[in-house]
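Colleague: next comes the sequence, and after it the predicted model I'd like to discuss.
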Amino acid sequence: MSTPGWTRREENPGTPAPCRPLVDHNNMPEFDAADVRRYYDQNTDGFVAHGQGGMVGALHRPVWSPGTESADVAFRYVEDRIVEYARTLPEGPDPLHVVDLGCGVGASLCYLAERLPIRGTGLTLSPVQVRHADARIRQAGLDGRVVCRKGDFCAPPDDVMSADLAYAIESFVHGPDPARFFASCAALVRPGGLLVLCDDFRRGIDSAAGSRAIDRFRRGWHLNTLIREDELRRLATGAGFEHLSTDDLTPHLRLSRPRDYLIAWFVALFGWLPLDGTRFGHLVGGNALRTCLARGWIGYDLAVFRRR
């Protein structure tokens, strides 16, 4: 499951050089499910109306793969990879069941359902996102094939059926406990099924400036889980998953757009204010993330696992 031209992270990188963690994971401020729900209830309308991915309903980052010439294609990069993975699964008498763990406004599931004969289930903590998703599903004519509902991916509703493929795009970081996340996924994904994660992961750099930037990112975006990619693999394999691949997508993010400079200017002027719980908190967090990605304190990875 490799893609030419992409940086493939090593399966067994060996023992990393000893260093203090960028952030003491035990001292991270915790955001419970209600905090994360409020964050998305407060910001989703703005993300859809004014966010860079609003034209396609994407709440995640565009990936400018080699040869990509339009933002629409860049925003669909991760979904196109998921389509490729789904096509590797054996066909059965019933459509594949695909579960989006942190489904946003349902745009990714609708995109997949327009290209594959699947049944899709999306889970989100936010009723505002469910409202957006319901409208998008109806508009796409996918009623009966795709449903997005309120639910916690660390404790899926009992009536969510086993998944042939589950994925989480920039939602894993909101979970309260990565071990609990993988235990939940192990119960959800059938043996032989796939789990795809695309998200931010810490890199092994010891820096006080990095710690401060990561903390601002976490607080601004209400994140709980920022772990190293090797920790991710260890937790996944311990829960019953086989690691298939991890691709580093960081080099293919655009971190110097005009809007990024405007946001950096805003943060420089007003970032000293207590903005974390306001509608501007996500701008502070996003600016900190851009710094972390540019300096190598955080990387953006696409990881694929198979349920044993």
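Modeller: Happy to help now that I have it.

Colleague: could you use CA atoms for every contact and neighbour count after this?
Modeller: Will do.

Colleague: ok, residues contacting the strand ranked longest in the chain?
Modeller: Criterion DSSP state E: the longest strand present in the chain is strand 189-202. Residues from elsewhere that reach strand 189-202 (C-alpha atoms under 8 Å, 6 or more residues apart in numbering): 22, 78, 82, 85, 89, 162-173, 185, 226-229, 297-308.

Colleague: which elements pack onto the longest helix belonging to the chain?
Modeller: Longest among the helix segments of the chain by residue count, using DSSP state H, is helix 33-50. Here helix 33-50 touches helix 127-140, going by 3 or more C-alpha pairs under 8 Å, 6 or more residues apart in numbering; DSSP states H and E.

Colleague: thinking again about what came up before, which elements pack onto the following helix or strand past the longest strand of the chain?
Modeller: Downstream of strand 189-202, the first helix or strand assigned by DSSP states H and E is helix 208-221. Counting contacts by 3+ C-alpha pairs under 8 Å, 6+ apart, helix 208-221 is packed against helix 281-295.

Colleague: residues near Ser256, how many?
Modeller: 10 (other C-alpha atoms under 10 Å).

Colleague: for it, helix, strand, or coil?
Modeller: Three-state assignment for Ser256 (DSSP: H, G, I helix; E, B strand; the rest coil): coil.

Colleague: could you report the pLDDT at Gly271?
Modeller: Looking at Gly271, its pLDDT stands at 68.

Colleague: and for Ala49?
Modeller: Ala49 is given a pLDDT of 89.

Colleague: how much space separates it from Pro66?
Modeller: As judged by C-alpha to C-alpha, to the nearest Å, Ala49 and Pro66 stand 28 Å apart.

Colleague: quick one: contacts of the longest helix of the chain?
Modeller: Against helix 33-50 from outside (C-alpha under 8 Å, 6+ apart): 53-55, 57-59, 125-129, 152, 174, 221-222, 279.

Colleague: how close does Ser256 sit to Gly51?
Modeller: For Ser256 relative to Gly51 (C-alpha to C-alpha), the value is 16 Å.

Colleague: between the contacts of helix 33-50, which is nearest Leu244?
Modeller: The shortest approach to Leu244 among the contacts of helix 33-50 belongs to His174, at 23.5 Å (C-alpha to C-alpha).

Colleague: is it true that Asp100 touches Ala166?
Modeller: Yes: the pair Asp100 / Ala166 is scored as a contact, 5.9 Å apart, by C-alpha atoms under 8 Å.

Colleague: which element is the residue of the chain positioned farthest from its centre on?
Modeller: Going by C-alpha atoms, centre = their mean, the residue of the chain most distant from its centre is Pro93, 30.7 Å out. Per DSSP H and E: Pro93 is located in neither a helix nor a strand.

Colleague: show me the contacts for it.
Modeller: Going by C-alpha under 8 Å, 6+ apart, the list of residues near Pro93 is empty.

Colleague: what backbone torsions are found at it?
Modeller: phi -70, psi -20 (degrees, to the nearest 10).

Colleague: could you do the one 5 residues further on as well?
Modeller: Listed backbone geometry of Val98 is phi -110, psi 130, with angles given as degrees, to the nearest 10.
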